[in-house]
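# Have a look at this prediction, sequence included:
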Amino acid sequence: MSDENKEVLRVSFDDLAAVETPAAPSGTGTEPTAAKSYGSIHEPSAPETVAQEKGNFFLNAWVYLGLAGFLGALAAWAIAEPGFVDGPGRRWGNIWMIPLIVTLMCTGFGLAESIVERSARKAAIRVGIALPLGVVLGFILDVFASVIYNIGLGLCAAAGVQSYHNPAVWIARGLGWAVFGVAGGVVYGIIGRSGKKTAYGAIGGAIGAAIGGLIFDPISFATKGGAVSRAVGFALLGMATGIAMGLVESALKDRWLYVTAGPLSGKQFILYKPQTVMGSAQANDIYLFKDAEILPQHATLLQKSGRVQLVAQGPVYISGQRVHSARFLENGSIIQIGRYSFRYQERPRG
């Protein structure tokens, strides 16, 4: 075909202006309502929401504190038992058994918290505080426990109780031994640098140790006394103390962060202090490890007038929205920092 026979299609501007675009049917949801916004290169988009992970059972405070108390008391028994004698006479084991149990229980509680948080620096500091405090409190409270126990025995005798198989005697021992748990809770709070944590720990420790003292004599009768009964009884004393501390602390908390995703999934951080620092430095209150994008001090939680305010030093998202400076948290707020995700919770007021 020659070029002369080709038909050329020509469209003028007037033709284009005359063309009408059909309107979209009503109710289809396609009507334009506003100009589309595609964001700004200066505004980073929210990261993908981190999937919620199943919490680790062993990150519950009552679990790891109970295990720490059990192992600490059992280790103390194993150290002191070779120097312990039944009946008349006293050796070094008789003198050191109870103070050593208190010392290693206290040390175990501080060490367990540090192991869970994966902070070797905190572990060294806490052990350095717990060991001497435990020794001092162990000897002091051993005297108080003996006084309380002997008063209890005196009251039992006045009431006509003459057998150690009588539950009244078990109660007297439980009340006396409650002071050992107080020592564990006090040290736990001191190394946590919180007066409220100290109070909660003391209450829980007293309850747990009282339970341990209450069952000590029945265990002795079941195992026919001697080394085995002391091993079982003291180990259960330590475990009951740790479990009670964790349960009381959890029951009385009013504001906390629950880790829903990341290496610490299942752990809760109770907000005791007016200021709680989060970041990749081990010295922080909440140490966020294994994430190169997290700054040494990435965010700070401030308690102000009964509310908690998050101040961001690095990228932080609350419910998918970037926090540029500071924002108050609401109950149920989801906080995302790197690979970590937290749910903020607080006890209802009033």
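Yep, it's here.

# where do the strands sit along the stretch 151-300 of the chain?
Using DSSP state E, counting those that start in this stretch, the strands of the stretch 151-300 of the chain run over residues 255-261, 268-270, 275-279, 286-287, 299-304.

# Quick one: closest of the ones you listed to Lys224.
strand 268-270 (42.5 Å; CB to CB). C-beta here means a position set from N, CA and C on the backbone, and glycine is covered the same way.

# if we compare the strands of the stretch 151-300 of the chain, which one ends up closest to Gly204?
Per CB to CB, nearest to Gly204 of the strands of the stretch 151-300 of the chain: strand 268-270, 12.9 Å.

# Could you list the buried residues of the closest one?
Gln268, Phe269, Ile270 (16 or more other CB atoms under 10 Å).

# Do I have it right that the second one meets Trp256?
Yes. Because the distance of 6.2 Å satisfies CB atoms under 8 Å, Phe269 is recorded as touching Trp256.

# How many residues are close by Gly181?
By other CB atoms under 10 Å, 33 other residues sit near Gly181.

# Actually, Gly128.
Neighbours of Gly128 (other CB under 10 Å): 13.

# Look at it and give its secondary structure.
The three-state label given to Gly128 by DSSP: H, G, I helix; E, B strand; the rest coil is helix.

# per-residue confidence for it?
At Gly128, the model reports a pLDDT of 94.

# export the strands of the stretch 151-300 of the chain to a markdown table and tack on distance to Trp62 and mean pLDDT?
Below are the strands of the stretch 151-300 of the chain laid out as a markdown table (distance: least, CB to CB, whole Å; pLDDT from 0 to 100):
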| stretch | distance to Trp62 | mean pLDDT |
| --- | --- | --- |
| strand 255-261 | 14 | 95 |
| strand 268-270 | 11 | 95 |
| strand 275-279 | 22 | 96 |
| strand 286-287 | 20 | 95 |
| strand 299-304 | 24 | 95 |
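
# Save those strands as JSON lines, and put in distance to Ser333 too.
Converted to JSON lines, the strands of the stretch 151-300 of the chain look like this (distance: least, CB to CB, whole Å):
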{"stretch": "strand 255-261", "distance to Ser333": "10"}
{"stretch": "strand 268-270", "distance to Ser333": "14"}
{"stretch": "strand 275-279", "distance to Ser333": "14"}
{"stretch": "strand 286-287", "distance to Ser333": "16"}
{"stretch": "strand 299-304", "distance to Ser333": "11"}
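
# Now do the helices in this protein.
13-18, 61-80, 92-116, 120-158, 167-191, 195-222, 227-252 (DSSP state H).

# Go through these and name the closest to His298.
Taking the helices of the chain one by one with CB to CB, helix 120-158 is closest: 17.3 Å.

# Next, the angle helix 92-116 makes with the closest one.
Between helix 120-158 and helix 92-116, the angle comes out at 140 degrees (axes from the mean of the first three to the mean of the last three CA atoms, to 10 degrees).

# Can you give me the buried ones in helix 120-158?
122-123, 125-127, 129-131, 133-135, 137-138, 141-142, 145, 148-149, 152-153, 156.

# Give me the angle between it and helix 167-191.
Using the same axes, to 10 degrees: helix 120-158 against helix 167-191 is 160 degrees.

# Can you name every helix or strand that helix 120-158 contacts?
helix 92-116, helix 167-191 (3 or more CB pairs under 8 Å, 6 or more residues apart in numbering; DSSP states H and E).

# Counting by contacts, list what the first one packs against.
What it means is helix 92-116. helix 61-80, helix 120-158, helix 167-191, helix 227-252.

# Might you report the residue contacts of Gln282?
Gln282 makes contact with Ser119, Ala120, Arg121, Lys122 under the criterion CB atoms under 8 Å, 6 or more residues apart in numbering.

# Tell me if I'm right that the last one and Val116 touch.
No. Using CB under 8 Å, Lys122 is not in contact with Val116; the gap is 10.2 Å.

# give me the low-pLDDT residue ranges for the stretch 1-150 of the chain?
1-54 (pLDDT under 70).

# Tell me the one of the buried residues of strand 268-270 nearest Ala61?
Gln268 (7.4 Å).

# gap between that closest one and Thr260?
10 Å (CB to CB, to the nearest Å).

# Break the protein down into its domains, please.
57-252, 255-346 (automatic domain parsing).

# distance between the ends of the longest one?
The one in question is domain 57-252. Criterion CA to CA, to the nearest Å; first-to-last residue distance in domain 57-252 is 20 Å.

# Off-centre distance for that domain?
Its chain's average C-alpha position is 21 Å from that of domain 57-252, according to CA atoms, centre = their mean, to the nearest Å.

# quick revisit: which of the buried residues of strand 268-270 lies closest to Gly213?
Ile270 (27.7 Å).

# Does that closest one touch Leu252 like I think?
No. Using CB under 8 Å, Ile270 makes no contact with Leu252, being 9.1 Å away.

# Thanks again, I'm all set now.
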